[in-house]
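**Q** The sequence and its predicted three-dimensional model are supplied below.
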Amino acid sequence: MLDGASKAFFSILAHSGALKKVASRFGMRRPTSFARRFIAGEEIAEAIEVARALETRGFTHTLDLLGESVANLAGADAATRGYLRVVDAIVEAGVGRNISLKLTQLGLDVDKASAIDNLRRILDRAEPAGFFVRVDMENSPYTEVTLEIFETMWQQGYREMGVVLQSALYRSEKDLARINALGASIRLVKGAYKEPKSVAYQKKEDVDAAYERMMKVLLVEGRYPAIATHDPAMIHLAKTWAAEHGVGSDRFEFQMLYGIRRDLQAGLMADRFHVRVYVPFGREWFPYFMRRLGERPANIAFVLRGLAREK
């Protein structure tokens, strides 16, 4: 994990309009372009091609049409219609039916009621077609409202959906109990956002300790939890804890990001664990890409080598 200053630096880059414009022009220009290590492409057809390749190797996947923080209801409606097209394209292609989305992409910053309506539009198309929909968690100002909306949809009878919790936030252990009480599925992550010390642990060891505590509860008490990590120590701990407590590999899955620690992904598959790969795609890929760089020094080194080769 990078220090706080480095993560903050990449967070600033993620919101740079000028850099985004340059990246959009050059970042996906060729199949060997550096960003394609982490992004499936800009179009759904490219994401489906990646999904097929993963399935041939035994992996499952979740597809994420990148985008967040739309500024108006027209943008939220466009994003919603984009997801409806993704659902239809996945059905037509015959690949696994699992998607992830963000509520700010559906208009949460503009109007909460509209965001709920847009989520319902997607669920109404996706659930009858056999999809599972994961509501991603964004930075801490959105935590409570995201959980409130998730609970609202759950209480209205939508069951093929899950949510994400971040161990970096102090509140997340209580939120875990809250979502477990519903009987909903949780994806557990450490957290990619730079958060203030008033709401989040600042030291890696504290984030890791919270992750460990939450993971142990989820494996024993959760409904098919997703242990989302690239940390070999956490993976080993999850495997050991599950074995010691009689939790079969059919009761949970590991999740990892497309293009990151493919060695760990392959090793888990070889050990007969379920591995789902988070496959992001879409034209709004730059902010996501910057956050990935901010998480691990190895990611930065990879990109710098790629840029040098392209030059």
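**A** Ah, there it is.

**Q** what's the average pLDDT for stretch 276-292?
**A** On average, the pLDDT along stretch 276-292 is 84.

**Q** Report the buried residues of it.
**A** Within stretch 276-292, the residues that count as buried by 16 or more other C-beta atoms under 10 Å are 276-282, 284-292. All C-beta spots, glycine's among them, are computed from the backbone N, C-alpha and C.

**Q** Where does the closest residue to residue 112 other than its chain neighbours sit, in terms of helix or strand?
**A** Spatially, and ignoring its direct neighbours in sequence, residue 112 is nearest to residue 145 (6.8 Å; C-beta to C-beta, 6 or more residues apart in numbering). Following DSSP states H and E, one finds residue 145 within helix 143-155.

**Q** same deal with residue 178?
**A** Counting by DSSP H and E, residue 178 is found in helix 172-182.

**Q** ok, of the buried residues of stretch 276-292, which one's closest to residue 257?
**A** residue 278 (5.1 Å; C-beta to C-beta).

**Q** I'd say the closest one and residue 259 touch.
**A** No. Using C-beta atoms under 8 Å, residue 278 makes no contact with residue 259, being 9.9 Å away.

**Q** And stretch 191-201, what's buried?
**A** 191-195, 200-201.

**Q** Which strands or helices does whichever helix or strand comes after the helix holding residue 145 pack on?
**A** Where DSSP H and E defines the elements, the next helix or strand beyond helix 143-155 is strand 161-166. Contacts defined by 3 or more C-beta pairs under 8 Å, 6 or more residues apart in numbering; DSSP states H and E place strand 161-166 against strand 132-135, helix 143-155, helix 172-182, strand 185-189.

**Q** strands paired with strand 161-166, and their directions?
**A** strand 132-135 (parallel), strand 185-189 (parallel) (DSSP bridges).

**Q** who's in contact with it?
**A** 123, 127, 132-137, 146-147, 150, 153-154, 172, 175-176, 179, 184-191, 193, 214, 226, 228 (C-beta atoms under 8 Å, 6 or more residues apart in numbering).

**Q** Looking at it now, give me its mean pLDDT.
**A** For strand 161-166, the per-residue pLDDT averages 98.

**Q** Buried ones in it, by neighbour count?
**A** Result for strand 161-166 [16+ other C-beta under 10 Å]: buried residues 161-166.

**Q** Kindly report the same for stretch 69-87.
**A** 69-70, 75-77, 79-80, 82-84, 86-87.

**Q** same check, this time on stretch 167-175
**A** 167-172, 175.

**Q** ok, and what's touching it?
**A** Residues contacting stretch 167-175 (C-beta under 8 Å, 6+ apart): 140, 143, 147, 165-166, 188-191, 193, 195, 199-201, 207-208, 210-211, 213-214.
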